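Participant: using only what follows, build the 3D model:
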Amino acid sequence: MPGSLPAYQPGQPDFSILRLGHIEYLVTDLERSRDFYVDVIGLFETERDADHVYLRAIEDREHHSVVLTRDKAPGIGHFSFRVSCEEDLNRLAHRFESLGLPIRWMQPGEERGQGRALRVQDPFGFPVEYYSQMEPAPWLLQQYHLHRHGCPTRLDHLNVLMPDAQAGFDWYTRELGFYCAEYTAARAPDDRVWASWLYRKSTVHDIAVMTGRGPSVHHAGFSLMEPMGVIRACDALGSAGYANNIERGPARHGISNALFVYVRDPDGNRFELYTGDYLTIDRDQPPMRWELDDLRRQSLWGAPPPRRWFEESMTVHDIRGGRMQPLADPAIHAIPSYVE
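Facilitator: Numbering: from 1, shown residues only. You can find the predicted model right below:
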């Protein structure tokens, strides 16, 4: 079983990140992708233009939590965090500029429904956006007659890969003020963080930082209302001809305790449908440690992940020119846990 370490002290920056905001998936066929995410998965379209479709889930009160963008190849355009106020954006810009990081100001409406926003290429190469204001959208939580299939409630978290996950842990906790719910480390004498589940809202994570070829995004996770939502989502995928897009699960994670299924969209972009994790309201609670060789961290029960779940991830854009960021190999390697 996992152990724990004494409580650590995250940084106390002069800005406040509230939660994960939205993610931009790059897709090659915009209409096909829109139909997949809306008609099969159960997200809702808020607005569209020639090259974008803006989607939200039933708990969302903002314009969007997913952007589908037409592009030549799949991947991730950017992901975002919401901050508490406009002044936080200025504080973040000052901090990033002092570190020599590339930034770009996004003007109101440049991304539909969103106010002024700040994009940065973070120290690891990820295109990250920060915003404080977005147009409201009708709340669909109690519009039960509109709910379909798995019916995602919100964009819950993001899982990213980078060559040095210890450096990623330090950046998010010390520089950005994230808390840690759980982490994986190799046994002594190395004892470096191999992966960490970090949060600002009071759930297990807004972002998980893992060791791997990066910068890349492994998946975005959407929360569901209850466990049968996972089964209904799989039924919808199967009956719509997307059974082979179910990549892993249903199963239950050791880390986070969540019941899950991983899905690939028509372009191969990956997301997770996820329910049953726990609250992290007591922020002085020490994070839970899992040993790297304890495979229950990945699956408390369920079939082992396929090899591609470990080896494939989504590339990310450069904020300045739209080029895909080159990948670097990890500094340490995980113990293989797929079936050959």
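Participant: and stretch 298-308, what's buried?
Facilitator: Within stretch 298-308, the residues that count as buried by 16 or more other CB atoms under 10 Å are 298-300, 302, 305. All C-beta spots, glycine's among them, are computed from the backbone N, C-alpha and C.
Participant: what do you get for stretch 240-259?
Facilitator: The neighbour-count check on stretch 240-259 (16+ other CB under 10 Å) flags 242, 245-256, 258-259 as buried.
Participant: and those, which is closest to A93?
Facilitator: For the buried residues of stretch 240-259, the minimum distance to A93 (CB to CB) is 32.8 Å, reached by S256.
Participant: pLDDT wise, what is that closest one at?
Facilitator: The model reports S256 with a pLDDT of 95.
Participant: kindly report the same for G11.
Facilitator: Looking at G11, its pLDDT stands at 85.
Participant: count the residues that sit near it.
Facilitator: Neighbour count of G11, defined by other CB atoms under 10 Å: 13.
Participant: and if you look at D164?
Facilitator: D164 has 19 neighbours, counted by other CB under 10 Å.
Participant: ok, the one 5 residues further on next?
Facilitator: The local packing of F169 (other CB under 10 Å) involves 22 other residues.
Participant: that one should be in a strand, yeah?
Facilitator: No - with DSSP: H, G, I helix; E, B strand; the rest coil as the criterion, F169 is assigned helix and is not in a strand.
Participant: wait, what's in contact with it?
Facilitator: Residues in contact with F169 (CB atoms under 8 Å, 6 or more residues apart in numbering) are 180, 183, 193, 196, 198, 209.
Participant: quick one, which of the residues you listed has the minimum pLDDT?
Facilitator: When those are compared on pLDDT, V193 comes out lowest, with 90.
Participant: show me what the longest strand along the chain packs onto, helices and strands only.
Facilitator: In the chain, taking DSSP state E as the definition, the longest strand is strand 17-27. Judged by 3 or more CB pairs under 8 Å, 6 or more residues apart in numbering; DSSP states H and E, the packing partners of strand 17-27 are strand 66-70, strand 75-83, strand 127-131, strand 154-162.
Participant: of those strands, which is nearest P13?
Facilitator: strand 75-83 (10.5 Å).
Participant: quick check: next helix or strand after that closest one?
Facilitator: Next helix or strand after strand 75-83 toward the C-terminus (DSSP states H and E): helix 86-98.
Participant: and the next helix-or-strand element following that following helix, how far from the chain's centre?
Facilitator: Next helix or strand after helix 86-98 toward the C-terminus (DSSP H and E): strand 103-106. How far strand 103-106 lies from its chain's middle: 21 Å, per CA atoms, centre = their mean, to the nearest Å.
Participant: ok and the following helix or strand past strand 103-106 relative to strand 17-27, angle-wise?
Facilitator: Helices and strands here follow DSSP H and E; after strand 103-106, the next one along the chain is strand 117-121. Taking axes from the mean of the first three to the mean of the last three CA atoms, to 10 degrees, one finds that strand 117-121 is oriented at 70 degrees with respect to strand 17-27.
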